[in-house]
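J.: dropping the sequence and predicted coords here.
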Amino acid sequence: MEKKYTLSQIRNIGIAAHIDAGKTTLTERILFYTGKSHKIGEVHDGTATMDWMVQEQERGITITSAATTCYWKEISINIIDTPGHVDFTVEVERSLRVLDGMVAVFCAVAGVQPQSETVWRQAVKYNVPRIAFINKMDRVGANFDRAIKTMRDNLGARTVVPQYPIGNEADFVGVIDVVDGVEHYYEDEKGIKVTTVPIKSENEAKYRELREKLVEAVAEANDEYLEKFMETGDLSNDEVKAALRIMTISGRLVPVFCGTAFKNKGVQTLLDAIADYLPAPTDLPPVEGINPKSGEPETRVLDTNAAFSGLAFKIQTDPFVGRLTYFRIYSGKLLPGSYALNSTRNKRERIGRILQMHANTRTELKEASAGDIIGLIGLKDTKTGDTLCADENPIVLENIDFPDPVIFVAIEPKSKADQEKMSSGMEKLTEEDPTFSFKSDPETGQTIISGMGELHLEIITDRLMREFAVQANVGKPQVAYRESISLKAKAEGKFVRQTGGRGQYGHVILEIEPLERGKGFEFESKVVGGRIPKEYISSIEKGVKEAFTTGIVAGYNMIDVKVTALDGSFHPVDSSDIAFQIAASYAVKDAVKNAGPVILEPIMAVEVEVPEVNMGDVISDLSSRRGKIEKIEVGFNNIQKIDAQVPLSEMFGYSTALRSLTQGRGVYTMQFLMYSECPKQVFETLVANNKNSR
């Protein structure tokens, strides 16, 4: 029988970082040292346990977050290994929503990279305590101090160093343990044999300097430690550990550890740090939510004896068990065969089976309780972000925010059978991935799929063809433009149709005005004196929204507009919901034409790293793509970092262009930044294309 761990012995952690910083390699080593796997899997061989999807093994990158549980000393660690590629940032977002702590992995050569900043911001948003691991200490150009400086400068992190490397690059042999005042040396290739010795004389001065800084920083944990530090100038090792735990959990400090996961060094001390400094569920404040009956805020203590509550943070279609829901229990217990209330949708769900996940394999559990991260089988209506709770004690926990897609492609099935398989496959994929969406284009009959980037859509279409056996033609990626206005305008819309019997009558006067970027859509009614009955005001709003979703000048969704219904009239017999919808759409279309219509294009934050010799060519190429250069920094080994803002429409095929400009030495990352008005020439082209396609 498997040992039952108490709440204080559980750690729910995520491993997150920029692409290629070594997250999955680190997770593989953790599984090896904790005895979860007996063979070390390698990402570059396609044998990593946590990268179980075919697409991950082929590309050597993580696409979907994988969960596992392992045991270190007296601690049970639930780990989620998250993707580093910006197209799959949703996987990090939803994982951090349910995790209690995070290990942020940084490359010792590059330090903080663009996606490191994104995951850091996500962790700050959800108040997730962090420890950092500077990986790849064995690589040429590795520099621990410089990597920490990038954390302070770029992330604003207040770092402390409980561990310092002995040697650098190929000479990295061990670490100075600043808390216990010893040195650890890695003796064998698998890193299992670790020799611990007292601080050597040549490292004494460095140890003293590090110890002083560490103690001074952690003494702020509480008045008792501060008083003792002021009196004696030091704290005992146990007090340093306890104070550092308090400071890490409260988010006031970020302890930084180091090693090389690939060469099996520094992983055991990182596991100790996870146990010592990251929070157990008992260290965290009660989880907050809303009582769906009263609408009042409510909290749940993270305790097995409290009323049951938890959050579904991921849906996965599993070939062996069907629809699998990843679930975090915050309070109470859960048994197979029991019932729970989905308070988000007000539906009851029956819990079929409870599984402990290990990447794509699983073990069945007889019960699960507060603090556990599990897989549930049998839930029919639960979606990502939904709360399940006890019937008699309902609560709705905070949901998860997902960004809107910025890129789309048209996809056409080759036969009627493929059409059916594709519809079923896409339904399942949208359940799994809330940043993926699809719709049918009524004019062309094509299916339009939208996502976060070229790679994201490439993976989606690859999965449709492999997992769901869909034969289809896939178009070129297109940009998800938006429409808006720049001026205020007024217009009148009238829909009158008289046929035999009852006619149709709707009449409305609207005013439209631009809103700030990001404000979306607002509707207000200033109709007074019953000129239009109340039930038709919502019809007017519906008609406006309908016109906005199909676009007015170029067929794209209209955003950041306020519409005000000013006046109108109705007919006691002929007026209807549909008549006012049509009248409103006429009015808003006329108003937009006089309101200085504009088309907004997605602007991407692009970071390019290139050798100095190619910098001029790369900058000139970015400028030719309407790019705006924001900043240029010199990195390690004369590699130049160029930060630019470039329209997404100009970035298609950029990886090929960059390769040829830099003989394959340049790399880049990009992520969505904002929507911005596109130039007149682009506007005219898009409007003309829209007319021609009709």
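T.: Great, that's in hand.

J.: name the residues that touch stretch 462-474?
T.: For stretch 462-474, the surrounding residues in contact (CB atoms under 8 Å, 6 or more residues apart in numbering) are 54-55, 317, 319, 409-415, 418, 421-422, 424-426, 428-429, 461. Where C-beta positions appear, they are placed from N, C-alpha and C, glycine not excepted.

J.: kindly recompute the last result at 6 Å.
T.: Here stretch 462-474 makes contact (CB atoms under 6 Å, 6 or more residues apart in numbering) with 55, 409, 411, 412, 413, 414, 418, 421, 422, 425, 461.

J.: so which of the residues you listed is the closest to residue 127?
T.: Distance to residue 127, by CB to CB, is smallest for residue 55 among these, at 32.7 Å.

J.: coming back round to it: would you list the contacts of stretch 462-474 in TSV and tack on secondary structure?
T.: As requested, the contacts of stretch 462-474 are exported to TSV (DSSP: H, G, I helix; E, B strand; the rest coil):
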residue	secondary structure
55	helix
409	strand
411	strand
412	strand
413	strand
414	coil
418	helix
421	helix
422	helix
425	helix
461	helix
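
J.: out of these, the closest to residue 663 would be?
T.: Residue 663 lies nearest to residue 55 out of those, by CB to CB, at 28.2 Å.

J.: buried subset of the contacts of stretch 462-474?
T.: Using 16 or more other CB atoms under 10 Å as the burial test, the contacts of stretch 462-474 include 55, 409, 411, 413, 418, 421, 422, 425, 461 as buried.

J.: per-residue confidence at the residue nearest to residue 328 when sequence neighbours are not counted?
T.: Take residue 328 and drop its neighbours on the chain: the residue closest to it by CB to CB, 6 or more residues apart in numbering is residue 98, 3.8 Å away. Looking at residue 98, its pLDDT stands at 82.

J.: wait, residue 98 touches residue 326, no?
T.: No - contact criterion CB atoms under 6 Å: residue 98 and residue 326 do not qualify, at 8.4 Å.

J.: intersection of neighbour lists for those two?
T.: Residues within reach of residue 98 and of residue 326 at once, by CB under 6 Å, 6+ apart, are residue 313.

J.: can you give me the strands in the stretch 551-694 of the chain?
T.: Taking DSSP state E, counting those that start in this stretch, the strands of the stretch 551-694 of the chain run over residues 561-569, 597-611, 628-634, 639-647, 667-677.

J.: then the second one to PDB, C-alphas only?
T.: Provided in PDB are the C-alpha atoms of strand 597-611 (Å, rounded to 0.1, in the frame of the first residue of the first chain):
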ATOM      1  CA  PRO A 597     -12.800  53.200 -40.300                       C
ATOM      2  CA  VAL A 598      -9.400  51.700 -39.500                       C
ATOM      3  CA  ILE A 599      -7.900  48.200 -39.600                       C
ATOM      4  CA  LEU A 600      -5.800  47.100 -36.700                       C
ATOM      5  CA  GLU A 601      -3.000  44.600 -37.100                       C
ATOM      6  CA  PRO A 602      -1.300  42.400 -34.500                       C
ATOM      7  CA  ILE A 603       2.100  43.800 -33.600                       C
ATOM      8  CA  MET A 604       4.700  41.300 -32.300                       C
ATOM      9  CA  ALA A 605       7.500  41.800 -29.800                       C
ATOM     10  CA  VAL A 606      10.400  40.200 -31.600                       C
ATOM     11  CA  GLU A 607      13.800  39.500 -30.100                       C
ATOM     12  CA  VAL A 608      16.600  38.400 -32.400                       C
ATOM     13  CA  GLU A 609      20.000  37.200 -31.300                       C
ATOM     14  CA  VAL A 610      22.700  37.400 -34.100                       C
ATOM     15  CA  PRO A 611      26.500  37.500 -34.400                       C
END
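
J.: tell me the helices and strands packed up against that strand.
T.: strand 482-485, strand 639-647, strand 667-677 (3 or more CB pairs under 6 Å, 6 or more residues apart in numbering; DSSP states H and E).

J.: shaky segments in the stretch 1-150 of the chain?
T.: For the stretch 1-150 of the chain, applying pLDDT under 70 flags the ranges 1-3, 19-20, 36-66, 81-91, 114-115.

J.: which residue ranges form the strands in it?
T.: Assigned by DSSP E, counting those that start in this stretch, the stretch 1-150 of the chain shows strands spanning 10-17, 66-72, 75-81, 101-107, 130-135.

J.: next one: the helix or strand harbouring residue 328 to chain centre, how far?
T.: Here residue 328 sits within strand 322-331, counting by DSSP states H and E. When distances are taken as CA atoms, centre = their mean, to the nearest Å, strand 322-331 is centred 18 Å away from the chain's centroid.
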